[in-house]
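Chemist: sequence plus the predicted model coming up.
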Amino acid sequence: MTPQINELWVYLSTSPLLGLTLTLLAYQGAWWIHGRAGFSPLANPVLLAVAALVGLLAITDTPYQTYFDGAQFVHFLLGPATVALAVPLYMQFQRVRAMLVPVIVGLLVGSVVAAASAVLVARLFGASLATQLSLAPKSVTTPIAMGVAERIGGIPSLTAVLVISTGILGAVLGRYVFDALRISDPAIRGFATGITAHGIGTARAFQESEQTGAFAALAMGMNGLATALLLPALLPLLQ
């Protein structure tokens, strides 16, 4: 940057609202692009916003902590937003109750396969044990995944990156995978998305239909609990 712009950036970077403002502007711009692309999964707004923010922080040589000091309010809102997912889920309560057995079986199988497949692939490529254990909870929402990774011997910071990457990939590619497999039931599409792609995938599921989003929210919450309970118990098999 030129000296004048650099001085201006140094001045603005001291404001705690800078991170929040940049986050909102980046997502709003990404959503505009998403809309112009016909709401294609390939133009995922989270992916575009993250790429824009990472690029800006890299160009301006701004530490992540400086950015997060202002953006942490958005991070705080993740909790209330997650709880709010119970509203559409309640609207689908009758179907959830009717599908209780398939839901539980799908949850257990999906949770175990998501963790075991990630560990096995990493092992085949010669990744260290710490990296393998960091990958195990990749399909769980970030706060739970980081806590589980720390407990089983993984690297929480690496897990956070892997979780976000998994969610974006699931949101971008999930629709095409389901279409290729000719899976049209919104409950199945949503539940599979929630197990594999947590919150980012759930946000994408709500764009398909309320029922798809509700089942994705159900799977995301249940998978977080199942992974937190199962992974420590399965740890000897993963090592």
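Modeler: Here it is on my side, so go on. Residues are numbered from 1 along each chain as shown.
Chemist: when you work out contacts or count neighbours from here on, use the C-alpha atoms and nothing else.
Modeler: Will do.
Chemist: quick one: low-confidence parts of the chain?
Modeler: 1-16, 75, 237-239 (pLDDT under 70).
Chemist: got the domain boundaries for it?
Modeler: 3-76, 84-238 (automatic domain parsing).
Chemist: distance of S209 relative to L57?
Modeler: Separation of S209 from L57 (C-alpha to C-alpha, to the nearest Å) stands at 35 Å.
Chemist: circling back to that earlier point, deepest-packed of the domains of the chain, please.
Modeler: domain 84-238 (a mean of 20; mean count of other C-alpha atoms under 10 Å).
Chemist: ok, A228 - contacts?
Modeler: I144, V148 (C-alpha atoms under 8 Å, 6 or more residues apart in numbering).
Chemist: ok, it to L22 distance?
Modeler: The value you get for A228 to L22, if C-alpha to C-alpha is used, is 33 Å.
Chemist: and the strand or helix carrying V46, what other elements does it pack with?
Modeler: Assigned by DSSP states H and E, V46 belongs to helix 45-60. With contacts taken as 3 or more C-alpha pairs under 8 Å, 6 or more residues apart in numbering; DSSP states H and E, helix 45-60 sits against helix 17-36.
Chemist: could I get the helix it packs on in CSV with only the CA atoms?
Modeler: Coordinates of each C-alpha in helix 17-36 appear next as CSV, following Å, rounded to 0.1, in the frame of the first residue of the first chain:
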residue,chain,number,x,y,z
LEU,A,17,-15.9,-1.8,14.9
LEU,A,18,-13.6,-2.3,11.9
GLY,A,19,-13.7,-6.1,12.1
LEU,A,20,-17.5,-6.1,12.4
THR,A,21,-17.9,-3.6,9.5
LEU,A,22,-15.6,-5.6,7.3
THR,A,23,-17.4,-8.8,8.1
LEU,A,24,-20.8,-7.4,7.3
LEU,A,25,-19.7,-5.7,4.1
ALA,A,26,-17.9,-8.8,2.9
TYR,A,27,-20.9,-11.0,3.5
GLN,A,28,-23.3,-8.5,1.9
GLY,A,29,-21.1,-8.3,-1.2
ALA,A,30,-20.8,-12.1,-1.3
TRP,A,31,-24.6,-12.5,-1.0
TRP,A,32,-25.0,-10.0,-3.9
ILE,A,33,-22.7,-12.1,-6.0
HIS,A,34,-24.6,-15.3,-4.9
GLY,A,35,-27.9,-13.7,-6.0
ARG,A,36,-26.4,-12.6,-9.3
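Chemist: what's the angle from it to helix 45-60?
Modeler: With axes from the mean of the first three to the mean of the last three C-alpha atoms, to 10 degrees as the basis, helix 17-36 and helix 45-60 are set at 130 degrees to each other.
Chemist: could you shift the numbering so residue one becomes 5, and keep it that way?
Modeler: Will do, 5 is the new start, and the previous item becomes helix 21-40.
Chemist: other residues contacting helix 21-40?
Modeler: So helix 21-40 is in contact with 16, 44, 47-50, 52-54, 56-57, 70-78, going by C-alpha under 8 Å, 6+ apart.
Chemist: and if you look at stretch 212-231?
Modeler: Contacts for stretch 212-231 (C-alpha under 8 Å, 6+ apart): 89-90, 92-93, 96, 111-112, 115-116, 141, 144-145, 148-149, 152, 190-199, 201-203, 205-211.
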